[in-house]
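Enquirer: A predicted structure for the sequence below; I have some questions about it.
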Amino acid sequence: MEKRSSNYVQQMVIICALFFVFGFITWLNGTLIPFLQLACDLDEHQALFVTFAFYIAYAVFALPSSSILKKTGFKNGMALGLFVMAIGCVVFIPAAQQRNFTLFLTGLFIQGAGLALLQTASNPYAAIIGPMESAAQRISIMGICNKIAGALSPLVLSALVLSGANAVQEKINMVGITTNERTTLLNELAGKVIMPYIVLAVVLSLVAFLVKKSALPEIDTDKEETVETGTALPAKSSVFSYPHLVLGVICLFLYVGVEVMAGDVIGNYGRSMGMSLDETKYFTTFTLIAMLAGYIIGILTIPKFISQQTSLKLAAILGIAFTLGAYFTDGYTAVTFIALLGLANAPMWPAIFPLAINKLGRFTKTGSALLIMGIAGGAIIPQIYGHLKKDFGVANNMAFLICMLPAYIYIFYYAVRGYKAGLKDA
């Protein structure tokens, strides 16, 4: 029993480390948006392609990731995902040298592809290694590692690449500056991103090697799920025969969209109200600190005091309230409400993922891949927000409301009814 407990702790430590790694990479985007907007001379809508390139990779590579995992297993799949992410970081070197936005997007797309594989493996692993009723608690622990990394990464990258960015912006906007002087300033700014991403590539490669050599065991998910009596559930021929999964994929799509809006778009939201880049570059960290608090609350309360379904329901209600708060206020009050969305969003992934893959049996890997595809919501919803503002002239706060409110209403529905659709023993 002691050995089993020791193995469980070891597995948790390794998975926590992986969640830290992809949290650090994922939440760099909040800093990259204003950085690339300045360095590559983009408008706000173009800069939001940072999130599109990164998150759309999940939609493209999640199902192939499921096929890869069937051949490699969970552990080798995680190692491969980390190595692919390292390749994406290396692409940033020529992108910065040429100040080429397309290359930057290519690097982000490759990072997203690696993360699709990594998350397709690590999320169900975290859900399966212990009892299902405490899966949300385990994933909340993973979320803390993810969001600590996420809170640190904008601070680190901002200090390295956005230091003095306001001064650069003022200089390039000066009357009389020559084209050569402007190009030199922007080239120097773009070059600041090279060393951080070289370091990231080395660290990711090292972690991939360590995971490959670790004692992380494989888990058999290919057997049919059984109910508590020990009798097999009726065999199903398709992963789409599980309505709670299909509805969960939609739910995760919307959740990731609102999470990215609260974390990555908050800086641009502040800038649209006249706040300076020196102020807004830290706003993503505020959202992630709120998420961190939400994860801690989840660990302390789930499942001891409330179920993961109830936590999801309460989180959706908070999301609705904070979204309305941001709409009806402005300035720092509105930004505070958006940051507080991190608190509302924190319990969502830990609850949605295990509820959606519950009782999938041999379809667990494929179901996980479909859920990971839902992360593409982080690509689509910010683009809708950008189009509403740019192409339809919708006011900033109204565009935000249109993107966020329906998503939280659907998440509330999933917490009340959607998670048990088609489960006879629910």
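Expert: Happy to help now that I have it. Numbering: from 1, shown residues only.

Enquirer: So which other helices or strands are in contact with the helix ranked longest in the chain?
Expert: As assigned by DSSP state H, the longest helix anywhere in the chain is helix 49-98. Applying 3 or more CB pairs under 8 Å, 6 or more residues apart in numbering; DSSP states H and E, one finds that helix 49-98 contacts helix 2-26, helix 29-39, helix 101-128, helix 179-191, helix 194-213, helix 243-264, helix 364-373, helix 377-390. Where you see a C-beta, it was placed from the backbone N, CA and C, and this is true even at glycine.

Enquirer: which stretch in those helices is the model least sure about?
Expert: Mean pLDDT values for those show the minimum at helix 2-26, a mean of 77.

Enquirer: What score does residue 311 have for pLDDT?
Expert: Value listed for residue 311 in the pLDDT field: 93.

Enquirer: can I assume it sits in a helix?
Expert: Yes: under DSSP: H, G, I helix; E, B strand; the rest coil, residue 311 sits within a helix.

Enquirer: Can you tell me the closest non-neighbouring residue to it?
Expert: With sequence-adjacent residues excluded and distances taken as CB to CB, 6 or more residues apart in numbering, residue 311 is closest to residue 347, at 4.4 Å.

Enquirer: Roughly how far does that neighbour sit from residue 319?
Expert: Separation of residue 347 from residue 319 (CB to CB, to the nearest Å) stands at 10 Å.

Enquirer: Settle it for me: which of these two has more neighbours?
Expert: Under the criterion of other CB atoms under 10 Å, the comparison of residue 347 against residue 319 puts residue 347 first, with 31 against 27.

Enquirer: Please name every helix or strand in contact with the helix or strand hosting residue 412.
Expert: Residue 412 is part of helix 396-416 when elements are defined by DSSP states H and E. The criterion is 3+ CB pairs under 8 Å, 6+ apart, and the helices and strands that helix 396-416 contacts are helix 243-264, helix 266-272, helix 308-327, helix 331-345, helix 348-357, helix 377-390.

Enquirer: Make CSV out of these and add distance to residue 406.
Expert: Below are the helices and strands packed on helix 396-416 laid out as CSV (distance: least, CB to CB, whole Å):
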stretch, distance to residue 406
helix 243-264, 8
helix 266-272, 18
helix 308-327, 10
helix 331-345, 15
helix 348-357, 15
helix 377-390, 10
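
Enquirer: do you know which of the ones you listed lies nearest residue 216?
Expert: helix 348-357 (19.4 Å; CB to CB).

Enquirer: Please name every helix or strand in contact with that closest one.
Expert: helix 101-128, helix 135-161, helix 243-264, helix 308-327, helix 364-373, helix 396-416.
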